[in-house]
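**Q** Here's a sequence, model it:
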Amino acid sequence: MEQRIQYTTTADGLRIAYSVTGSGPAFIWDAGYPFNHLKAAMDVEPYRAYFERLAADCTLIRLDHRAAGLSQRDKLPESFDDLTADLEAVVSAVNLGPLSLGGSGMGGGTVANYTSRHPGEVSRLVLMDTMARGAWNHGAGAARWQTLQDLARSDWEMFSETTASVFFGWGEGGVARDAARFIRECTSPEAVSTIAEIATDFSDLYRHMEIPALVLRHEESVFPPMEAAIELTALIPGAELVLLDGTWLTTSDRAIRAAEIILDFIGATDGPKTGATLEAAAFRTVLFTDIVGHTEMMSRLGDARGRDVLREHERITREALAAHGGTEVKTMGDGFMASFASVTKSVECAVDLQKAFAARNASAAEPLHVRVGLNAGEPIEDDGDLFGATVILASRIAAKADGGEILVSNVVRELVTGKDFLFNDRGDTELRGFEDPVRVYEVWWRDG
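**A** Next up is the predicted model:
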């Protein structure tokens with residue numbers, strides 16, 4: 001498989017290497033920081049077989065995270081947000097529309113974090129040998145990982161050989177040696193030392209995941225332990241757990257089998273696909289809401305009080321949708337995605353939403369400031385969910401709004417010309433993933 005390695009730049013100015021191979025439905029694979037190297041991975045035979053099988057039936061996008069592989073190595077990540085920024089830069093560079101995402105190890109957390117941040121962009125999620133809370137939080141895994149980190153600082157070569165043996169199995173000498181060499185090429189002791197430091201508990205994020213998810217776990221793997229895979233599957237509504245033979249991608253046959261399961265799940269082969277087939281939906285107006293300062297609020301109030309406030313947001317939003325003929329597509333915990341057959345009804349709903357939140361905030365101890373964005377077009381429908389450029393643009397427009405604002409695309413404004421709406425031209429706006437600036441308008445909803 002010939003791969004063309006390209007570079008893109010993150011929002012914080014780092015150069016990230018990525019490759020695009022094959023054709024078909026777009027699938028991004030995040031091998032997990034810091035053990036990723038676009039070129040060296042192809043020298044490990046099971047990896048090569050895995051990627052070649054995927055690229056035979058899909059457009060396969062791979063990346064090297066910062067401080068690893070062929071990407072810029074002089075700055076270590078400080079959080080999962082940094083790793084997510086690497087993925088965001090690659091998604092923006094390839095600009096392929098609806099995506100399926102997959103990740104292993106820490107890549108699982110990165111693709112899940114991306115999915116939560118960008119509702120409507122990701123159609124399916126594949127999580128292989130990963131966890132919700134970090135393997136070091138699961139019983140004996142914590143002690144094992146601490147031992148490995150100490151070894152990385154004192155003897156880098158021994159660390160790579162031991163880690164490869166742990167993942168690949170002591171009896172797989174040839175593959176383990178290739179994997180050890182691969183680990184040394186991928187990263188550095190300094191990067192390995194950051195793994196536990198940036199570990200994040202994504203349990204709440206997974207609880208609110210509302211896209212089809214497939215959890216894959218190799219039965220003989222040490223990391224993560226089986227209880228981590230069970231916990232992860234139980235957290236994600238409707239997720240499916242599939243157990244694979246052996247430890248990781250130890251042989252080409254096992255690697256190809258894992259790839260074929262993934263291809264079937266994302267609908268890239270002729271076999272059955274979980275859920276409905278992608279098809280063009282009718283013309284819809286797509287509306288996004290998002291609570292400003294949600295993370296800070298939850299941290300300040302705690303889970304119980306914070307959840308009470310979120311229930312108020314959900315109640316007000318659902319009442320407005322019902323009153324205006326809107327369809328709830330999904331909720332992301334701190335926001336909603338909804339669709340409307342009528343453009344006029346969608347804008348009326350947005351106005352009534354902001355008025356309802358303003359009325360609530362006048363007497364509430366904990367105010368809710370919500371941003372709203374709308375766009376109209378013909379999205380892609382898959383198993384009750386909506387995807388495509390129409391949805392992505394609506395999400396991007398919402399992200400540009402401040403709390404208490406409604407922003408809409410020019411399409412929406414033109415389709416309600418002559419109605420009793422007041423618009424303020426916000427001018428051409430740069431939106432991530434869109435080559436040309438997009439004209440955005442604010443809907444004025446306040447009286448007076």
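**Q** which SS class is residue 28?
**A** Here residue 28 is strand, with the state taken from DSSP: H, G, I helix; E, B strand; the rest coil.
**Q** Local confidence estimate at the closest residue to residue 115 other than its chain neighbours?
**A** Distances taken as CB to CB, 6 or more residues apart in numbering place residue 122 nearest to residue 115, at 4.4 Å, with adjacent residues excluded. Bear in mind the C-beta positions are built from the backbone N, C-alpha and C, glycine included. With respect to pLDDT, residue 122 has a value of 92.
**Q** For beta bridges, what are the partners of residue 122?
**A** Applying DSSP bridges to residue 122 gives these bridge partners: residue 99.
**Q** got the contact list for it?
**A** 98, 99, 100, 101, 111, 114, 115, 211 (CB atoms under 8 Å, 6 or more residues apart in numbering).
**Q** which residues in this protein form helices?
**A** For the chain, helices defined by DSSP state H occupy the ranges 45-57, 80-94, 106-117, 140-154, 156-168, 173-186, 189-193, 203-207, 226-235, 252-265, 294-323, 343-361, 389-400, 410-415.
**Q** Burial check on residue 427, number of neighbours?
**A** 10 (other CB atoms under 10 Å).
**Q** What of the one 5 residues further on?
**A** Other residues lying near residue 432 total 14 when counted by other CB under 10 Å.
**Q** sorry, back to before: can you convert the helices of the chain into CSV and add a column each for mean pLDDT and distance to residue 435?
**A** Below are these laid out as CSV (pLDDT from 0 to 100; distance: least, CB to CB, whole Å):
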stretch, mean pLDDT, distance to residue 435
helix 45-57, 90, 26
helix 80-94, 95, 10
helix 106-117, 93, 21
helix 140-154, 72, 42
helix 156-168, 77, 41
helix 173-186, 79, 33
helix 189-193, 87, 34
helix 203-207, 89, 30
helix 226-235, 85, 37
helix 252-265, 89, 30
helix 294-323, 86, 30
helix 343-361, 94, 25
helix 389-400, 89, 12
helix 410-415, 90, 16
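**Q** Any chance of the backbone angles for the residue nearest to residue 332 when sequence neighbours are not counted?
**A** Once flanking residues are discounted, residue 332 sits nearest to residue 119: 5.1 Å by CB to CB, 6+ apart. Here is the backbone geometry of residue 119 (degrees, to the nearest 10): phi -60, psi 140.
**Q** For residue 119, list the residues it contacts.
**A** Counting by CB under 8 Å, 6+ apart, residue 119 has contacts 288, 330, 332, 335, 337, 395.
**Q** okay, among those residues, which ones form the most distant pair?
**A** With CB to CB as the measure, no two of these lie farther apart than 330 and 395, at 11.9 Å.
**Q** more neighbours, the two?
**A** More crowded of residue 330 and residue 395, by other CB under 10 Å: residue 395, with 23 against 17.
**Q** quick one on the thing from earlier: which neighbours do residue 330 and residue 395 share?
**A** Overlap between the contact sets of residue 330 and residue 395, as judged by CB under 8 Å, 6+ apart, is given by 119, 337.
**Q** was I right about residue 352 contacting residue 320?
**A** Yes: using CB atoms under 8 Å, residue 352 is in contact with residue 320, at 5.1 Å.
**Q** who has more neighbours, the two?
**A** The residue with more neighbours, out of residue 352 and residue 320, is residue 320; 24 against 17, by other CB under 10 Å.
**Q** The more buried one and residue 357, how far apart?
**A** The spacing between residue 320 and residue 357, counted by CB to CB, to the nearest Å, is 10 Å.
**Q** swap in residue 148?
**A** Distance, residue 148 to residue 357, by CB to CB: 49 Å.
**Q** Same question for residue 311.
**A** Separation of residue 311 from residue 357 (CB to CB): 14 Å.
**Q** Tell me which of the two has more neighbours.
**A** Taking other CB under 10 Å, residue 311 and residue 357 do not tie; residue 357 has more neighbours (25 against 10).
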